[in-house]
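Student: this one's structure only:
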């Protein structure tokens, strides 16, 4: 069964673009990050800044990110971005982001993130934790 | 007597530039921020991340920033930036940044910052504090 | 008579914020730029990427930018930004941006921009041009 | 035989970091881009802004980018970045970036880029082109 899918529409800004007139690559990773927060906010019904507090975690740090750039996006282009968790594992999960521009898939992104807490003894250490069943259930609409 | 002046040289990156082929304005405010940290590091002889701890402050938050853009800077241009405190007041100070590109003044920036601590009772509140005499003396080479 | 005022609402992203947990100053200058494009798009009824072509200009380059930071904005905060041309001069104009966060004015920004064309002889040169009366009239709702 | 390897040292800035106090992920993709330009500049002995003109190309657009985040980088950390082409194919190539922080591999990045020209008939189209032998030879120190 497919997990909850979050959609977001936004417009490419002048400042997103480079001298070739297309979105500079790092901006897409900002868009992905933003998409993941929006996805969790929608799926869990908790405001993004309250996620850590609500679930007693440090956060959902990124351990792996990638993007395939299939078509350029330019100033003023409308982006239709969809974000979805493709797989939940014990303490990590994969998010897929698909950006549609002018009717075609322009960028595909993947993030692997960890459900993380601070170590009880040394708070400077971050440790992965099992993702609660209720969190996964919410993404599955249960 | 003029305060300590810090100089920094760097090269304009592709990702700094916009579709007009020139540095996008917000990047200069990143350069200014960077220049102020480098200035304090050099003048006070303390690593930037240790400034707050060394002086018992929250930081030096920005309350006012401005820039005049006189000439464009482009990908690959070498920037000679100089940063200097123009005035210390009781608990705030003004930093001036001058960016020379191709031999001419390209951008002039000003920042006003506050010497700030967290409130002892409500740590979410930030309060300005008198700048210690020894800090000002260091900037004056004393 | 006041000029056309454009309003935009957006949410502060995780990636906008710095280790102090507040929006890093350069991001506000991105917001201002975005606000000016949206303002011109709305006032003139022309898509932002088509502005230059429609009016036979190179663009509206920034010559001066400033911001006053009155209150912090944090991850998840909703920003109500209003943008308005405060003064049109012969070939330049001033835009004011006001950002309301949690009901209070958090940041006030000013930009001075030039109505600019490329030089007919040397296209690498940018020259200011008189702002057409019809452009100013549109901002005044005429 | 290993290709030319370019090294670059830089310091993490305050504005690179997010509310968790570590470098925000998109910044690493800026670092990678910067590393690739520096690598080409060093290997080919041509200033980065002159690469397109010198080799009659549009540029070296990115088609794939990825990063593994193994350890955090914080404000003030010194980064030792090495960048190297791992494989040249007919018209594309892979660049690997390794970022060492505090003596350990903190981030590993990969970019796939294309040697691209504008289409002779429709200049809005970008086409891949065979990478000249002399370019590859320079990377191999020949």
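Tutor: Received it, and whenever you're ready, just let me know what you need. If you're wondering where the values come from, they're calculated on a predicted model, not measured in any experiment.
Student: Could I get the full set of helices for chain A?
Tutor: A:25-44, A:51-55, A:133-139 (DSSP state H).
Student: mind putting the ones you listed in TSV, mean neighbour count and mean pLDDT included?
Tutor: C-beta here means a position set from N, CA and C on the backbone, and glycine is covered the same way. Formatted as TSV, the helices of chain A follow (neighbours: other C-beta atoms under 10 Å in any protein chain shown; pLDDT from 0 to 100):
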stretch	mean neighbour count	mean pLDDT
helix A:25-44	22	97
helix A:51-55	15	94
helix A:133-139	15	96
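Student: Can you convert those into TSV and add a column each for distance to chain C?
Tutor: Below are the helices of chain A laid out as TSV (distance: least, C-beta to the nearest C-beta, whole Å):
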stretch	distance to chain C
helix A:25-44	5
helix A:51-55	10
helix A:133-139	19
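Student: quick one: furthest residue from the center of chain A?
Tutor: Distance from the C-alpha centroid of chain A peaks at residue A:121, with 29.7 Å (C-alpha atoms, centre = their mean).
Student: Please report the distance of it from chain B.
Tutor: Taking C-beta to the nearest C-beta, to the nearest Å as the measure, residue A:121 falls 22 Å from chain B.
Student: can you list the residues of chain A near chain B?
Tutor: A:14-15, A:17-21, A:24, A:26, A:75 (C-beta under 8 Å from any C-beta of the partner chain).
Student: end-to-end on stretch A:49-69?
Tutor: For stretch A:49-69, the first-to-last residue distance is 30 Å (C-alpha to C-alpha, to the nearest Å).
Student: Could I get the buried residue list for that stretch?
Tutor: Within stretch A:49-69, the residues scored as buried using 16 or more other C-beta atoms under 10 Å in any protein chain shown are A:49, A:51-52, A:55, A:57-62, A:64-69.
Student: out of the residues you listed, which one sits closest to chain C?
Tutor: Nearest to chain C among these is residue A:49, at 3.8 Å by C-beta to the nearest C-beta.
Student: Quick check: the two most widely separated of the buried residues of stretch A:49-69?
Tutor: A:55 and A:69 (33.4 Å; C-beta to C-beta).
Student: can you pull the contacts of the nearest residue in space to residue A:96 that is not next to it in sequence?
Tutor: Closest residue in space to residue A:96, ignoring its immediate chain neighbours: residue A:86 at 4.8 Å, by C-beta to C-beta, 6 or more residues apart in numbering or on different chains. Residues counted as contacts of residue A:86 (C-beta atoms under 8 Å, 6 or more residues apart in numbering or on different chains) are A:3, A:94-96, A:110.
Student: ok, so of these, who is nearest chain D?
Tutor: For the contacts of residue A:86, the nearest to chain D is residue A:110 (8.3 Å; C-beta to the nearest C-beta).
Student: could you point out where chain A is predicted with low confidence?
Tutor: In the prediction, chain A carries residues with pLDDT under 70 at positions A:1.
Student: List the contacts of residue A:36.
Tutor: So residue A:36 contacts A:60, A:83, A:95, A:97, A:111, A:113 (C-beta under 8 Å, 6+ apart).
Student: In TSV: those residues, plus distance to residue B:90.
Tutor: Below are those laid out as TSV (distance: C-beta to C-beta, whole Å):
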residue	distance to residue B:90
A:60	43
A:83	49
A:95	49
A:97	50
A:111	47
A:113	46
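Student: Give the buried subset of those as a ChimeraX selection command.
Tutor: Remark: buried members of those, expressed as a ChimeraX selection using 16+ other C-beta under 10 Å:
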select /A:60,83,95,97,111,113
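Student: Check the contacts of residue A:36 and tell me the two furthest apart.
Tutor: That would be A:60 and A:97, which, of those, are the farthest apart (C-beta to C-beta) at 14.6 Å.
Student: Which parts of stretch A:112-126 count as buried, going by neighbours?
Tutor: Buried-residue list, stretch A:112-126, by 16+ other C-beta under 10 Å: A:112-117, A:126.
Student: What are the contacting residues of it?
Tutor: Stretch A:112-126 is contacted from outside by A:36, A:56-65, A:91-95, A:127-131, A:135, using C-beta under 8 Å, 6+ apart.
Student: Please apply the same query to stretch A:133-142.
Tutor: For stretch A:133-142, contacts defined as C-beta under 8 Å, 6+ apart pick out A:1, A:3-4, A:43-45, A:55, A:85, A:88, A:115.
Student: Over to stretch A:2-17?
Tutor: With C-beta under 8 Å, 6+ apart as the contact definition, stretch A:2-17 has outside contacts at A:23-24, A:27, A:31, A:34-35, A:38-39, A:42-43, A:73-86, A:88, A:138-141, B:18-19, B:24, B:26, C:30, C:33-34, C:37, C:48.
Student: Quick one: the strands in chain A, in order.
Tutor: For chain A, applying DSSP state E gives strands covering A:5-11, A:62-69, A:78-88, A:92-101, A:104-114, A:116-118, A:126-128.
Student: Name every strand pairing with the last one and say which way it goes.
Tutor: Yep, that's strand A:126-128 we're talking about. If you go by DSSP bridges, strand A:126-128 pairs up with strand A:116-118 (antiparallel).
Student: Which of the residues of chain A next to chain B are buried? Put it as a ChimeraX command.
Tutor: Entered in ChimeraX, the line below selects the buried ones among the residues of chain A next to chain B, by 16+ other C-beta under 10 Å:
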select /A:14,15,17,18,19,20,24,26,75
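Student: how about the residues of chain A next to chain B in a markdown table, adding distance to residue A:106?
Tutor: Shown next, in a markdown table, are the residues of chain A next to chain B (distance: C-beta to C-beta, whole Å):
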| residue | distance to residue A:106 |
| --- | --- |
| A:14 | 18 |
| A:15 | 18 |
| A:17 | 14 |
| A:18 | 15 |
| A:19 | 19 |
| A:20 | 15 |
| A:21 | 14 |
| A:24 | 14 |
| A:26 | 16 |
| A:75 | 14 |
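Student: Tell me the bridge partners for the residue of chain A found nearest chain D.
Tutor: Proximity of chain A to chain D (C-beta to the nearest C-beta) peaks at residue A:66, 3.5 Å away. On the basis of DSSP bridges, residue A:66 is bridged to residue A:110, residue D:66.
Student: thought it was touching residue D:69?
Tutor: No - between residue A:66 and residue D:69 there is no contact under C-beta atoms under 8 Å: 11.7 Å.
Student: Pick out the residue nearest the middle of chain A.
Tutor: Central residue of chain A (C-alpha atoms, centre = their mean): residue A:36, at 2.3 Å.
Student: Please report the distance of that residue from residue C:62.
Tutor: As judged by C-beta to C-beta, to the nearest Å, residue A:36 and residue C:62 stand 32 Å apart.
Student: cool, residue A:86 as well?
Tutor: 42 Å.
Student: hang on, the earlier thing: just the contacts of residue A:36 now: which is nearest chain C?
Tutor: residue A:60 (10.4 Å).
Student: Disregarding residues adjacent in the polypeptide, which is nearest to the closest one?
Tutor: residue A:113 (4.5 Å).
Student: Quick one: residues contacting residue A:68.
Tutor: A:107-109, D:63-64.
Student: Now with 7 Å, please.
Tutor: A:107-108, D:63-64 (C-beta atoms under 7 Å, 6 or more residues apart in numbering or on different chains).
Student: Can I get the residues you listed in a markdown table including distance to residue C:102?
Tutor: Shown next, in a markdown table, are those (distance: C-beta to C-beta, whole Å):
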| residue | distance to residue C:102 |
| --- | --- |
| A:107 | 34 |
| A:108 | 37 |
| D:63 | 43 |
| D:64 | 42 |
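Student: Pipe the residues you listed into CSV and attach distance to chain C per row.
Tutor: Shown next, in CSV, are these (distance: C-beta to the nearest C-beta, whole Å):
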residue, distance to chain C
A:107, 17
A:108, 20
D:63, 24
D:64, 22
